[in-house]
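Trainee: What would the 3D arrangement of this be:
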Amino acid sequence: MSMKLKAAGGIVDRLLIVDDDEINRAILANIFEEYYEIDEAEDGKIGLEKVLNDPEQYSAILLDVMMPNMDGIEVVKALKEHGLMEKIPVFLITAEANSSTLHEAYHLGVMDVILKPVTPFIVLRRIDSVIELFQARKVLNDRVIAQDLELLEKAQTIIELNHGLIEALSTAIEFRNGESGEHVRRIHDITKFLFENTELGDGMSEEEISNIALASIMHDVGKIAIPDNILGKPGRLTPEEFEIMKTHTVQGGQLLDKIPQLKDSGVYNYAYDIARHHHERWDGRGYPDGLKGDEISLWAQAVSIADVYDALSCKRCYKDAFPREKVISMIKNGECGTFNPKLLECFFRVEDTLAKFYEKKE
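Mentor: Sure thing, here's the model as predicted:
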């Protein structure tokens, strides 16, 4: 009996008997009352209201066909419209069961059609077997859902851990470079803001923009391979030293390529591209590959201008922070390399907001 499932699934065993004949309701109630709580309705409209008020309370619905106000088939149609036929087993118990009624009833999802007068043992066994099946399926579905949620929570924990490790690595490199570690956070925020608030992000999903923003914090990861005497040099680099410094782009891509967990994520392709190409320039005079124009991905371009803007706006070991007016002038005049005109247009349209990122940090 389905009574066995109460403890396992927390399921209330209650039947709804819908019939306009009080004697018929009493006969059915007498058959099932030993095993189920019984609820009754004297017509289809009242029965439907009871179900819609709390669908979870019923283990099954026993439904007459011929009733005033709303007949059994109309009730079944309404239950189907509300998506309840798959959740609650419905049985038609009727003396009027022609072939067209049977066909329509089964087509709508009725579990069984039982003819009056009913035989107590048979109707009990037929209905109870279906109820057990539905309740067992519900218990199984609940367990599967719980397991899925647990797996999702574990996956989210792993994702957050990976994000934390990525941020920690990027921040450690910034500390080594004599920075506070806020640089990577600002690059993340500026990049994300540009794609979310300008046409640069047109056609991109929220997940894509988030992945690009996360990838942006790894733009300088290759600096881990640059010698300290070059990375932290307070003065201008010699041509030879600058050539070594430039290798951080290639080194970054190679490092990211050796992290298998990253390669399995949606961040990898963005991160590799950004690490290698964030010093490329629109006119082809950047490095390491001399890419030109649209050969440079939009995300690498966005991180490039964010990186330049932040470097000019903040104090570094080799320079003081420039005033905002000077920063804007240098970028507009191409003193830090040539940028995509469309990118510049988007950037300067929101620069007033970007400047606020520095108000509490400088």
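Trainee: Report the residue ranges of every domain in this protein.
Mentor: 2-147, 177-358 (automatic domain parsing).
Trainee: Columns mean pLDDT on top of these, output as a markdown table?
Mentor: Converted to a markdown table, the domains of the chain look like this (pLDDT from 0 to 100):
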| stretch | mean pLDDT |
| --- | --- |
| domain 2-147 | 84 |
| domain 177-358 | 90 |
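Trainee: could you dump these to JSON lines with mean neighbour count?
Mentor: For every residue, glycine as well, the C-beta is placed using N, CA and C. Formatted as JSON lines, these follow (neighbours: other CB atoms under 10 Å):
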{"stretch": "domain 2-147", "mean neighbour count": "17"}
{"stretch": "domain 177-358", "mean neighbour count": "18"}
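Trainee: Once you drop chain neighbours, what's closest to the residue sitting nearest the centre point of the chain?
Mentor: What sits nearest the mean C-alpha location of the chain, by CA atoms, centre = their mean, is residue 207, with 8.1 Å. In space, and not counting its chain neighbours, residue 207 is closest to residue 266: 7.0 Å by CB to CB, 6 or more residues apart in numbering.
Trainee: Over to residue 300?
Mentor: Nearest to residue 300 is residue 277, by CB to CB, 6+ apart, at 4.1 Å.
Trainee: any idea how far the residue nearest to residue 207 is from residue 257?
Mentor: 16 Å (CB to CB, to the nearest Å).
Trainee: just residue 126 next, same as before
Mentor: 64 Å.
Trainee: Residues touching stretch 14-26, excluding its own?
Mentor: Applying CB atoms under 8 Å, 6 or more residues apart in numbering, the external contacts of stretch 14-26 come out as 28-29, 32, 36-44, 46-47, 50-51, 57-64, 66-68, 72, 75, 93, 116.
Trainee: Just those: which are in strands?
Mentor: Among the contacts of stretch 14-26, the residues falling in strands (DSSP state E) are 37, 38, 39, 40, 41, 60, 61, 62, 63, 93.
Trainee: follow-up on the earlier one: can you name the residues that contact the residue nearest to residue 300?
Mentor: 249, 286, 289, 291, 296, 297, 300.
Trainee: how does it look with 7 Å?
Mentor: 289, 291, 296, 297, 300 (CB atoms under 7 Å, 6 or more residues apart in numbering).
Trainee: Would you check which pair of the residues you listed lies furthest apart?
Mentor: 289 and 297 (11.9 Å; CB to CB).
Trainee: mind listing what residue 189 touches?
Mentor: So residue 189 contacts residue 357 (CB under 7 Å, 6+ apart).
Trainee: That one is in what secondary structure piece?
Mentor: helix 182-197 (DSSP states H and E).
Trainee: Residue 288: what secondary structure?
Mentor: coil (DSSP: H, G, I helix; E, B strand; the rest coil).
Trainee: I'd guess residue 16 is in a strand, am I close?
Mentor: Yes - judged by three-state DSSP, residue 16 forms part of a strand.
Trainee: From residue 139, how far out is it?
Mentor: 21 Å.
Trainee: One more: residue 211?
Mentor: Counting by CB to CB, the gap from residue 211 to residue 139 is 38 Å.
Trainee: circling back to that earlier point, and which of the ones in strands among the contacts of stretch 14-26 is nearest to residue 342?
Mentor: The closest of the ones in strands among the contacts of stretch 14-26, once distances to residue 342 are taken by CB to CB, is residue 61, at 62.5 Å.
Trainee: Report the contact partners of that closest one.
Mentor: Taking CB under 7 Å, 6+ apart, we find residue 61 in contact with 16, 18, 51, 88, 90.
Trainee: and what of residue 108?
Mentor: 76, 77, 80, 85.
Trainee: Among the residues you listed, which ones are in strands?
Mentor: Among the contacts of residue 108, no member falls in strands (DSSP E).
Trainee: Could you save those residues as CSV and add columns showing distance to residue 226?
Mentor: As requested, the contacts of residue 108 are exported to CSV (distance: CB to CB, whole Å):
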residue, distance to residue 226
76, 73
77, 73
80, 68
85, 67
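Trainee: In helices, which of these fall?
Mentor: Residues of the contacts of residue 108 located in helices (DSSP state H): 76, 77, 80.
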